[in-house]
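# Here is my input; please provide its structure:
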Amino acid sequence: MISFYVMVLCLGFAIACNTGKPPTAVKKCKTFPPNDFSEAIIVNLESVVDGDTLFYNELRFLCVYNSMYTKKGMYDSFGKWDVMINPEYGRISELVWKDVKLFEDDSLRFQVAAGGIESIYDMYASVTVFDQYGNDMLLEGSPYVEKIIDYFALLIFDNDNKKLDFYKQF
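Here you go, the predicted structure:
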């Protein structure tokens with residue numbers, strides 16, 4: 001179990017230290033239809049902070065029309081984010097919401113970091129989700145994995161392109 005603040009630090013460090021990748025978006029994504037994606041995958045990531053290696057998972061929605069779908073969806077649902085992580089090297093900021101109730105039928109609260117990439121190498125919207133106790137909710141075997149995938153897929157499908165408040169804040 002890792003604390004939320006260590007997770008935020010890891011995300012910022014991982015974003016800042018990401019190295020180049022071979023071109024994949026051009027090969028994987030033939031089209032980028034609005035309010036859709038080609039597939040949802042969970043990527044295992046690691047980050048070293050103060051000599052400790054931390055492992056966590058990121059949900060990525062591939063071949064999106066807009067890499068900010070998860071950020072905008074969170075903003076439209078929960079308002080302005082609590083923390084903005086500004087990475088180096090021109091990457092887009094990660095936005096973090098603390099203590100949010102994602103599911104109406106569940107009292108568990110979550111910390112969500114929403115991000116994404118738009119480049120010639122990759123094109124995806126992403127989220128990392130921890131519960132209120134610091135547990136990685138995208139860990140294999142978590143009973144929340146499918147619920148989280150469905151929740152954020154619906155945010156992408158139901159995106160209202162006419163709602164522009166997020167872009168004014170961002």
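
# Run through the residues that contact Ile128.
In this structure residue 128 is Thr, not Ile. Residues near Thr128 by C-beta atoms under 8 Å, 6 or more residues apart in numbering: 7, 11, 56-59, 112-113, 115, 136, 138. For glycine as for every other residue, the C-beta is placed from the backbone atoms N, C-alpha and C.

# In three-state terms, label it for me.
strand (DSSP: H, G, I helix; E, B strand; the rest coil).

# coming back round to it: pull the most distant pair out of the contacts of Thr128.
Using C-beta to C-beta, these reach their maximum pairwise distance at Gly115 and Asp136, which is 15.7 Å.

# between these two, which one's more packed in?
Using other C-beta atoms under 10 Å, the more surrounded residue of Gly115 and Asp136 is Gly115, with 25 against 21.

# What segments of this structure are strands?
39-49, 52-62, 83-85, 94-100, 110-118, 123-131 (DSSP state E).

# Next, the angle from the second one to strand 110-118.
Strand 52-62 and strand 110-118 meet at an angle of 60 degrees, taking axes from the mean of the first three to the mean of the last three C-alpha atoms, to 10 degrees as the criterion.
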